[in-house]
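Novice: Coordinates for the following, if possible.
(chains A and B)
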Amino acid sequence: MENIQTSRRDFLKAAGFTSLGLAVGISGFTKDASLKKIAPAVLKLEINPFIIIDTAGNITLVNPRPDMGQGSTQAVPSLLAEELEVSLEKVLIVQSDGMGKYGSQTSGGSSSVRELWMPIRKAGAAAREMLTTTAAKRWNLPAAECMAEDGKIWHKASGKSLSYGELADDASKLEIPKEPKLKEPKDFKIIGKYNKRLDVPERVTGKAVYGLDVDVPGMVYAAIVHSPMIHGKVASIDDSDTKKVKGVLRVMKTERTMPHRASEAVAVVATNWWAALKGKRALKVSWDNGNYAKTVDTAGYFAATYEAAKKEGVNFEEKGDFAVKYANAKDKLESHYETPFLAHAPIEPENAVVHVKDDGNVEIWAPIQGPDWALRDVCGYLKVKPEQVKINVTLLGGAFGRKAYHDFLLEACHISKELKKPVKVIWTREDDITQGPYRPGMLSHMQGFVEDGKITGFHHHAIGESIVGQVFKGLKDDEADPWLSEEISTGNNKYQFGTASKVSWTNVKTDIPVVWWRSVYASNFGWGQECFVDELAHLAKKDPLKARLEILPDERFKKVLETLAEKANWNEKLPEGSGRGIAVFKSFGSISACCITVSKKDSGVKIDKVVSVIDCGYYVNPDNVKAQTEGNIVMGITAAIKDGITFTNGICDQTNYHQFNVMRMNEAPPMEIHIVDSGAVPGGVGEPGLPPIAPALGNAIFAATGKRLRKLPFDINNIA
Amino acid sequence: MAVYNLSLNGKKVKVDVEPDMPLLWVIRDFADLKGTKFGCGMALCGACTIHLNGQPARACQTPVSSVGKNDKITTIEGIGEGKLSIIQKAWIEEQVPQCGYCQSGQIMSAAALLKSNPTPTDADIDVAMSGNLCRCGTYDRIRKAIHRASDEMKVAEKGIGQR
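Specialist: Numbers count the residues shown, from 1 in each chain, chains lettered A, B, ... in the order given. This next block holds a predicted model:
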């Protein structure tokens, strides 16, 4: 989609503005993005993100990153408030609607601060300069004698000041400075400081509006009967019992459109969702399931991954001739590490309200991670133009990657188009768990060797379904998945294996739908990499921390590991039956390491403590970095010791939280988070804490019990 | 369909719904109080936790027909009686919520706990709160917030001012 042009008046109206003022934005989110100007008249706009200061002094930021709990509603405005010299509560946030002028708008890849760090600060600094220049002119004083503070431009010597609102109109007539002077980090008042998130109160009073909470006049509700084998076709529908349910309006065939293929489904439409759900339960649909009992199956899939491990994969990278060196090595190991398919299972299930109107215009209210992607998908699906679509992004009740996959949204589009009414589709928890898409299950085939007490040879053969391949149809058979570069490549995770190293890939395909899940492949391959490093360290008769430090010359990795060792008392002796394990992993631009302490308890182990360290470069709010890392600890341990997703003969074996258990309060271990202040460019925060969790736990269990676990999930109460 | 007179957050509410409709959907879609959430429909996640006569109950498993007109229903909107409760304030102090979707249920469970046991131990918290899932993983902060609220309640009761 090209730049969608709209008038400033329309935008101001949409953002709830009536007065004119100064608007500053940036085209594109590249480092050298040039700042453009909006004059205070009706203009064509091609800039983003929008920052508007009106003549009343209100400051509005169009936030291009939906909030799913990661804190973008604080992080993004903080970048602006810092440079603009206003307090955080002065910035009103409007969620972007997907239009191209706002650029990339998807919360994913831990990208909010990473991508917006420079553009938003630059926009704030440019506005500050323009306001300062305007005030100086009005006073007939040199700009150097004027400064911005607390929403005003001050002339300190005389003590006079002008508010931003008083200056906005005149300031908007100036050229936007291309390279405004950014604040020095030492002068930061907001960035890097503890600040309460301003939208927490609405999240403890029930006032926050999630997708599920949207009501639109004239709205009807739909529950969907999905294909139990995901891709089966509807053979017959018996709706006689459904039609007896009071409130049911209609039973209709619909479709579930995934990015790579569509499947058939049946919708029960009713005056309320309980009636729709009862109608769904009463509906008898028989399905033509083709061969899906074989192809939608996890045991068969994993068997194929182990077969693939016997053969050479496609090289992603290789240094030295690994196969030859490995064949000749004396002290070597070979292991297989397995990770299961996982559901995201956000507590707010998938839902969307869509109104396809008689005139072809479409309005959407939905908890989606990226209105830009959603707009593209909706336009493609309904064959409408972007300007015909209005997307209202609500808060997301958890997402973890799931709500950037728009099957549920397109279902609502399909049903509303048919009914020409606003329709609210709500998936049941069973839909969420049994239908996917899932984190793909993966196999890591590991080979490595040690020489002179040092790990010098390492091969990670990553095997499984490719997200790039399945979702985007973007992977050739002779190509290694390019996403490995942000994960297990030695360019990313900076182990230096002296003799030979190799990262290879084999794509084992499946009809089970897959998608990114918090930290993507790093959540799979961190397990193999970091447990196997531990195995090799023991083979080398080295302390696992020392063994890592020997082959990690990178200063930031070193500092993270040394901080972890200190904070977790790595060198302090533990009683018999207890053990510590460590792991380190870089993903999404941040390095995170974890130390878990366990002790034997009955036939299993108990997690006594989790200490995580993260170096995410510059960050906005240390408390939010900690909160996200706490979340990653819980989700990472859940992924290690709670249920995976399995399919038997085409059917998902788990249906709800009693079979797809996630960690509960009584299981959450004590945890401690430490941040390394490296002052590096910002890395991600929402995901990088997760990959080291499972391997740290596996390595701790080995240390405590001598038992090496290689397959996730495992039963922590029964370490056989 | 049948008419039910309910006592919801101290107000009389009349609804005309099917007898088997869970209180969750009555509260959300007929009384228009959206703070009580749907998560699983099987009393497994606790997102729909309300108080029924002061006791925590799962609204998704409570048919409207099982609730009498004198039964007092309290939801997250009614917990502070118009202002922030000590518990909600503690939640803000500890910056508990991430996405926040489960937190209505968490707070309702915590409120019931603190009412029956104003000084809960960690073990008490484990028992009372284990029915409430948080996929964002805010458990550590929920625990701290409950202890904080417990302390604040002691202070409030003894009238010795801010701690």
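Novice: Look up phi and psi at the residue of the stretch 551-700 of chain A found nearest chain B.
Specialist: Proximity of the stretch 551-700 of chain A to chain B (Cβ to the nearest Cβ) peaks at residue A:634, 2.8 Å away. Every C-beta, even on glycine, is put in place using the N, C-alpha and C of the backbone. Per-residue torsions, residue A:634: phi -60, psi -40 (degrees, to the nearest 10).
Novice: list the contacts for the residue found closest to it once you drop the neighbours it is linked to in the chain?
Specialist: Spatially, and ignoring its direct neighbours in sequence, residue A:634 is nearest to residue B:137 (2.8 Å; Cβ to Cβ, 6 or more residues apart in numbering or on different chains). Residues in contact with residue B:137 (Cβ atoms under 8 Å, 6 or more residues apart in numbering or on different chains) are A:630-635, A:663, A:668, B:98.
Novice: which of those residues lies closest to residue A:61?
Specialist: residue B:98 (21.0 Å; Cβ to Cβ).
Novice: Does the closest one belong to a helix, a strand or coil?
Specialist: What DSSP: H, G, I helix; E, B strand; the rest coil gives for residue B:98 is coil.
Novice: now swap in residue A:346 and tell me
Specialist: Quick answer, by three-state DSSP: residue A:346 is coil.
Novice: That one: how many residues sit nearby?
Specialist: When neighbours are counted by other Cβ atoms under 10 Å in any protein chain shown, residue A:346 registers 25.
Novice: what's the pLDDT at the closest residue to chain A within chain B?
Specialist: Relative to chain A, the nearest point of chain B is residue B:35 (1.9 Å; Cβ to the nearest Cβ). On pLDDT, residue B:35 comes in at 98.
Novice: In contact with residue A:446, which residues?
Specialist: A:333-337, A:458-461, A:528-529, A:532, A:535.
Novice: so of the residues you listed, which ones are in helices?
Specialist: A:528-529, A:532, A:535 (DSSP state H).
Novice: ok, and the most crowded of these?
Specialist: Counting by other Cβ under 10 Å, top hit in the ones in helices among the contacts of residue A:446: residue A:529 with 28 neighbours.
Novice: wait, what's in contact with that residue?
Specialist: A:444, A:446, A:460, A:488, A:493, A:585, A:695.
Novice: same thing but at 7 Å, please
Specialist: By Cβ atoms under 7 Å, 6 or more residues apart in numbering or on different chains, the contact list for residue A:529 reads A:460, A:488.
Novice: just checking, what packs against the lengthiest helix in chain B?
Specialist: Longest among the helix segments of chain B by residue count, using DSSP H, is helix B:139-158. If you count contacts as 3 or more Cβ pairs under 7 Å, 6 or more residues apart in numbering or on different chains; DSSP states H and E, helix B:139-158 packs onto helix B:86-93, helix B:103-116, helix B:122-129.
Novice: now the ones in helices among the contacts of residue A:446 in JSON lines, with distance to residue A:144 and pLDDT?
Specialist: Listed next are the ones in helices among the contacts of residue A:446 as JSON lines, based on distance: Cβ to Cβ, whole Å; pLDDT from 0 to 100:
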{"residue": "A:528", "distance to residue A:144": "58", "pLDDT": "98"}
{"residue": "A:529", "distance to residue A:144": "54", "pLDDT": "98"}
{"residue": "A:532", "distance to residue A:144": "59", "pLDDT": "98"}
{"residue": "A:535", "distance to residue A:144": "62", "pLDDT": "98"}
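Novice: Just give me the closest of those to residue A:325.
Specialist: residue A:532 (16.5 Å).
Novice: Break the chain into its domains for me.
Specialist: Went with chain A since none was named. A:8-203, A:211-291+A:350-426, A:298-342+A:438-705 (automatic domain parsing).
Novice: Switch to chain B, please.
Specialist: If you go by automatic domain parsing, chain B breaks into B:2-78, B:86-158.
Novice: tell me the most buried of those?
Specialist: domain B:86-158 (a mean of 22; mean count of other Cβ atoms under 10 Å in any protein chain shown).
Novice: And the residue nearest the centre of the chain?
Specialist: Since no chain was named, I'll use chain A. residue A:108 (3.7 Å; Cα atoms, centre = their mean).
Novice: sorry, should have said chain B
Specialist: Centre-nearest of chain B using Cα atoms, centre = their mean is residue B:108, 2.0 Å out.
Novice: Show the model's pLDDT score for the closest residue to it other than its chain neighbours.
Specialist: Sequence neighbours aside, residue B:49 is the residue nearest to residue B:108 in space, at 4.2 Å (criterion: Cβ to Cβ, 6+ apart). pLDDT for residue B:49: 98.
Novice: repeat for the one 10 residues further on
Specialist: In the predicted model, residue B:59 carries a pLDDT score of 98.
Novice: quick one on the thing from earlier: okay, the helices and strands packed on helix B:139-158 in TSV with mean pLDDT and distance to residue A:581 next?
Specialist: Shown next, in TSV, are those (pLDDT from 0 to 100; distance: least, Cβ to Cβ, whole Å):
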stretch	mean pLDDT	distance to residue A:581
helix B:86-93	98	33
helix B:103-116	98	31
helix B:122-129	98	24
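Novice: and those helices as a markdown table, adding distance to residue A:279?
Specialist: Output for the helices and strands packed on helix B:139-158, formatted as a markdown table (distance: least, Cβ to Cβ, whole Å):
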| stretch | distance to residue A:279 |
| --- | --- |
| helix B:86-93 | 38 |
| helix B:103-116 | 27 |
| helix B:122-129 | 35 |
